[in-house]
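Peer 1: Can you look at this prediction? I've put the sequence above it.
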Amino acid sequence: MSEAIDAMNNEIGDIGTDYKYGFHDKEEFVFKSQRGLSREVIENLSRMKKEPQWMLEFRLKAYEIYMEKPMPTWANTELLNEIQFDNIYYYLRPQDSEKKNWEDVPEGIRKTFDRLGIPEAERKFLAGVTAQYESEVVYHSIREDLEKLGVKFFSMDQGLQEYPEIVKKYFGTVIPPNDNKFAALNSAVWSGGSFVYVPKGVHVAIPLQAYFRINAENMGQFERTLIIADEGSSVHYIEGCTAPTYSSDSLHSAVVELIALPGAKLRYTTIQNWSKNVFNLVTKRAQAYRDATVEWVDGNLGSKLTMKYPAIYLMEPGAHGEVLSIAFSGKDQHQDAGSKIIHAAPNTTSVITSKSISKDNGRTTYRGLVKVYPNAEGCKSSVKCDALLLNEGSRSDTYPTMEIDCENVQIGHEATVSKVGDEQLFYLRSRGLSEDAAAMMIVNGFIEPFTKELPLEYAVELNRLIQLEMEGSVG
Amino acid sequence: MTQPLFKIEDLKVSIEGKQILDGVNLTINAGEIHALMGRNGTGKSTLANTLMGHPKYEITGGKIWLAGQDITELEPEERSIAGLFLAFQYPIAIPGVNVVNFLRAALKAHRGGDMPIKDFRILLKEQMNLLSMQQSFASRYVNDGFSGGEKKRLEILQMAMLNPKMVLLDETDSGLDIDALKVVAEGINRTMTKDRGVLLVTHYQRILDFVKPNFVHVMMNGKIVKSGGPELALELEKQGYDWLGKETKHENQATAN
Amino acid sequence: MTTIADISKDNVSKTAQTVGDPAWLKANRDAAWERYSATPYPTRKEELWKYTDLSRINWGKYAVGTTENVVLSTLEKDAAARGAIFCTLADALKKHPELVQKYLGRNTDTVNGKYAFENLAFTDRGFFCFVPKGVKITTPLHVETQSTQDGATLFPRTIVVLEEGAEATVFDQFTSPNAKDGVIGYTNARVELYVGQSARLHYLQMQNWHNGMLHLLEQHAELERDAYLSATTISLGGHISKSTIAAILKAPGAVSYLFGLGYGNDKQQFDHHTMQTHLAPNTTSDLLYKMAMNDRARSTYTGIITMTPDAQKADAYQSNKNLLLSKTARANTVPQLEILANDVRCTHGASVGTVEDEQLYYLESRGLSREVARDMIVHGFFEDLIGKLPEETLKNAVRKAVNDKLGTTIELEDIAL
């Protein structure tokens, strides 16, 4: 086992060289906390952020829970045990305060974003930007029309300062700190992330978007996002991740809480492309109330190990949840992803569609749960998982769980595992496509149900990323 | 004499060790339409797929020439780009890939570069109109959930778009009602030029009422056992294939041309 | 009287004496006892025991050393003359010790931990079926293991060996004839099936115990080249019934079918765990488990298809269907895939549903009472699975057992027209 890990570590040393976004800027920090975690680190952090007392208490309580909870034993413990928690910076901030205008953002940071091609694209297409660089929001703008609508779109820290009542009412209610070890860790040291409140009846026509990046070696990112869609409103939030590459492991452990109040429609889209040494251990959960809809659109391409199971609690009748996900595991990667749907009320419905692709010795795991509470009559749920294995040595696991405590329901699960079909390859090649191009086309078709849900520029980016991953992959 | 467009020389093929083609010879010149007939299981589809380079079929002897180039060892896509086209008997579904993206990718591979979108759109619309295809057809996934007729029309659309030198049609008439057959046949005839060769593989005479062959060949037990003009097809329709079996026992191996 | 709670190494020796162990078997038992003693009871924290909690069982109520009947049908004379063996384990140990030694305990693979070692140490009954090369037995072989005494413990062992090209059908049944209400019992059974090259085995395991039985079973099948196995598990009785069923496809061309049927009422708990393990290329496995739960009964199905890197061009299917018949019935289903070979076809599915009102309405509109209509739909639900059994007598035995449990008046015999 340890040999495998050694081998993996050696490989990781090489990965950075061809990572597209694998550059990093000189670190420039006003404040740098020490490695490792303690009560003092948390107290310092909270003081620096001028937080209310209740938040400090929330953090310290979460810290206790984090220390007590054991590491999960059901997951890829081999990889999890590589994380050196004492070697991580739990809080960093690049500058003293947030900048209002792009021009005020320090040049080094702007350069990083320029190289990722973010701001132009966002200015053109998107409403507001909260770009997380290190642990603090450094750039933040909301277009005037959003402000007019009463939509609040801030960094989580700023949200806490400006709307403490809303934050206090909802923060940690969807995902309490004792939910799991990493949620507890995030609750103790969270920093940055987004706070979104969409007032009653407001429809946000364009997606809200935030970019997150990790840049300092051995630093953890613990952003915390809370989105509240009030009654009858609708909003689409997009989170995209790209990260520069370092040779030692980095930890990313976010918590995302979504609340869709009656009749609201809330979609959360993520394309995760952390560099291949990042541990991405994320807790994402939504509550959908009467006739509300929540959709998680979740793509996992990067990281060494991702553990992420976006959940939807269907709290009241008529609520609907959808999870649409893709995972791509290349060399030495393990995407352990899935989804959880809890039917806690009658006549609630859910659809889970999961597509995964494994290449080289990559491993994808679908881990899911559909639970129907007693008396949640008339629930319907359908789960479909398709896995594509590209090479000998690729691996795919499917672990769906269905716990059904109610009679009058329709619950279905289907999964298939296959490889790129020889006949499909031949057909496309007979039309002049090279073997690689043909395989790429089949893979693109395979994930098409996912990409068609993405905004165009994301779909194009995703296809390009997968194309890079796919080169010379038909085995 | 100029070199023939397409030439099959003593082609021997086996699948998983079992010999299916036992020395096929055939020459097709530009501007000619040849029909290859025979019962099911005589090796017709094997021949078509072997010519296109299906990896399952192992060539144990012989050569295939296209416009003077030896294509025997080429990959399927190289044959396609060299100008060979096979309209499949059972076109396979590629879920999630729509017709437009597929055709653009194929054209790009053939032309060695992208075609301006505007030109591509004009070309595609024109060709689809000629095949009486609804525009919505273009956004559907390749052969996914297509009826038999729709699949065959998509094959002909691809042929029209890629404009190959040499066309192999494998049982293109099977599973088509008479109206669909007319549309498909019309597509074949309309795109026929004096520079193109066609090999039409079928076990029915029916399509030959619409696509007139210059030559007809009969295949049995992995060989071409008789060749002739269009009248041979009519004779086969009247008499079936049985008389041929008897005749060939006495004759030497018949070869085309 | 010794109970399981205060069982000791002495009991291992006593059991060995009663059964008439040769030295090698006694040694096997002692080794199993060591592992048994060293292994803790599984807890609900373990995936396979998550839904079945035995921690509150009072093991002091079960008396060790009870004698109960094992009734065997007669082997065809022809087959016997050609070397086929079908007898109780004790008889087999006396008459064919070398042959039994070759297979008994050949495989001690287990996922049941402590319980499996318990059976290995205390095996006290069972049968041995051996069909030599090329011998085909046409009449189904029937074994009925019975329990009637209060607090009885049974540690049965089934061993079926089919040599190259052999064929047989084995019906392995657990029953409680005339058991009174409130009578309790504990069974911990192990089944080992060895299907040789090109051999064909139909194995039907049915438990229709009385409702006081705690039933544990671990079944392990090994398939050689081109072997064919159809193994059906029928679970009707007991208050807790947990079965672990494995098919190991060891060589190319092996084909395995695993079928399961369960009907639960009252507060019965059923737990089926299946394994389809493909170790070789071009192997095929199929699985269908159908569970209908009424009252407060609960079904848990967990199943895993494993394709090892060698299992290229293997084909596997797994389906678990659940029918819930009351508001308080429950079903958990966890169908799993672990695929380490890329050129395979693998599909699984699971569903949980209820009897549709439209179906009930249709039958009621033809004059059936709601209860009969529902029973009929339950029968329909099971019928495709029952139809997969090889012999009419077996089909009818299963239909009758299901019928008895449903307490229905529906006549299901085929009526010739």
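Peer 2: Good, I have the coordinates.
Peer 1: how's chain A carved up into domains?
Peer 2: A:2-308, A:433-475 (automatic domain parsing).
Peer 1: what's the offset of the last one from the middle of its chain?
Peer 2: Averaging C-alpha positions (C-alpha atoms, centre = their mean, to the nearest Å) puts domain A:433-475 20 Å from its chain's average.
Peer 1: For B:P230, which non-adjacent residue is closest in space?
Peer 2: Among residues not flanking B:P230 along the chain, B:P213 sits closest, at 5.8 Å (C-beta to C-beta, 6 or more residues apart in numbering or on different chains). Glycine gets a C-beta too; all of them are placed from N, C-alpha and C.
Peer 1: mind checking the backbone torsions on C:R298?
Peer 2: In this entry, C:R298 is assigned phi and psi values of phi -140, psi 140 (degrees, to the nearest 10).
Peer 1: And the helices in the stretch 51-200 of chain C, which stretches?
Peer 2: C:77-81, C:89-95, C:97-103, C:114-122 (DSSP state H, counting those that start in this stretch).
Peer 1: Could you dump those helices into JSON lines and include mean pLDDT and distance to C:E392?
Peer 2: As requested, those are exported to JSON lines (pLDDT from 0 to 100; distance: least, C-beta to C-beta, whole Å):
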{"stretch": "helix C:77-81", "mean pLDDT": "94", "distance to C:E392": "21"}
{"stretch": "helix C:89-95", "mean pLDDT": "94", "distance to C:E392": "30"}
{"stretch": "helix C:97-103", "mean pLDDT": "93", "distance to C:E392": "31"}
{"stretch": "helix C:114-122", "mean pLDDT": "92", "distance to C:E392": "33"}
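Peer 1: sorry, back to before: count the residues that sit near the residue nearest to B:P230.
Peer 2: Residues lying near B:P213 (other C-beta atoms under 10 Å in any protein chain shown) number 22.
Peer 1: picking up where we left off before, which of the domains of chain A has the lowest mean pLDDT?
Peer 2: Note on the domains of chain A: domain A:2-308 shows the lowest mean pLDDT, a mean of 75.
Peer 1: three-state assignment of the most centrally placed residue in chain A?
Peer 2: Nearest to the geometric centre of chain A sits A:T270, at 5.4 Å (C-alpha atoms, centre = their mean). Secondary structure, DSSP: H, G, I helix; E, B strand; the rest coil: A:T270 is strand.
Peer 1: So in terms of bridging, what pairs with it?
Peer 2: Beta bridges link A:T270 to A:E239, A:D298, judged by DSSP bridges.
Peer 1: Give me the buried stretch members for the helix or strand that contains A:F328, please.
Peer 2: According to DSSP states H and E, A:F328 maps onto strand A:320-329. Across strand A:320-329, burial judged by 16 or more other C-beta atoms under 10 Å in any protein chain shown covers A:H320, A:G321, A:E322, A:V323, A:L324, A:S325, A:I326, A:A327, A:F328, A:S329.
Peer 1: Also stretch C:14-30?
Peer 2: C:K14, C:T15, C:A16, C:V19, C:D21, C:P22, C:L25, C:K26, C:N28, C:R29.
Peer 1: wait, which of the residues you listed is closest to chain B?
Peer 2: C:N28 (46.6 Å; C-beta to the nearest C-beta).
Peer 1: what's the angle between the host helix or strand of the closest one and helix C:114-122?
Peer 2: Using DSSP H and E, C:N28 maps to helix C:23-38. Interaxial angle, helix C:23-38 versus helix C:114-122 (axes from the mean of the first three to the mean of the last three C-alpha atoms, to 10 degrees): 150 degrees.
Peer 1: Determine the set of other helices and strands touching helix C:23-38.
Peer 2: Here helix C:23-38 touches helix C:9-19, helix C:114-122, going by 3 or more C-beta pairs under 8 Å, 6 or more residues apart in numbering or on different chains; DSSP states H and E.
Peer 1: Look up phi and psi at the closest residue to chain B within the stretch 301-417 of chain C.
Peer 2: Residue of the stretch 301-417 of chain C nearest chain B, by C-beta to the nearest C-beta: C:K313 (12.9 Å). Per-residue torsions, C:K313: phi 60, psi 20 (degrees, to the nearest 10).
Peer 1: For it, give me its contacts.
Peer 2: Listed by C-beta atoms under 8 Å, 6 or more residues apart in numbering or on different chains, the contact set of C:K313 reads C:P281, C:N282, C:D343, C:V344.
Peer 1: from those residues, which are also near chain A?
Peer 2: For chain A, the contacts drawn from those by C-beta under 8 Å from any C-beta of the partner chain are C:D343, C:V344.
Peer 1: between the contacts of C:K313, which is closest to A:Y163?
Peer 2: Among those, C:V344 lies closest to A:Y163 (C-beta to C-beta), at 53.4 Å.
Peer 1: List the contacts of the closest one.
Peer 2: A:L389, A:V417, A:S418, A:K419, C:H278, C:M307, C:A311, C:Q312, C:K313, C:A314, C:D315, C:A316.
Peer 1: What's the first helix or strand after the helix or strand hosting the third one?
Peer 2: Secondary-structure element containing A:S418, defined by DSSP H and E: strand A:410-419. Following strand A:410-419 in sequence order, the next helix or strand is helix A:422-429 (DSSP H and E).
Peer 1: which secondary structure elements does that next one contact?
Peer 2: Contact partners of helix A:422-429 among helices and strands, from 3+ C-beta pairs under 8 Å, 6+ apart: helix A:435-446, helix B:76-82.
Peer 1: For the stretch 1-150 of chain B, give the residue positioned nearest to chain C.
Peer 2: B:E16 (12.9 Å).
Peer 1: Around the residue nearest to B:D70 when sequence neighbours are not counted, count how many other residues there are.
Peer 2: Leaving aside its chain neighbours, B:D70 sits nearest to B:K63 (5.9 Å; criterion: C-beta to C-beta, 6+ apart). Other residues near B:K63 number 14, with proximity taken as other C-beta under 10 Å.
Peer 1: Kindly report the same for A:S303.
Peer 2: 27.
Peer 1: same check, this time on B:I15
Peer 2: When neighbours are counted by other C-beta under 10 Å, B:I15 comes out with 15.
Peer 1: pLDDT weak spots in the stretch 51-200 of chain C?
Peer 2: Along the stretch 51-200 of chain C, the parts satisfying pLDDT under 70 run over C:68.
Peer 1: which residues of chain B fall in helices?
Peer 2: B:44-52, B:76-82, B:99-111, B:117-130, B:148-162, B:178-191, B:230-239, B:242-250 (DSSP state H).
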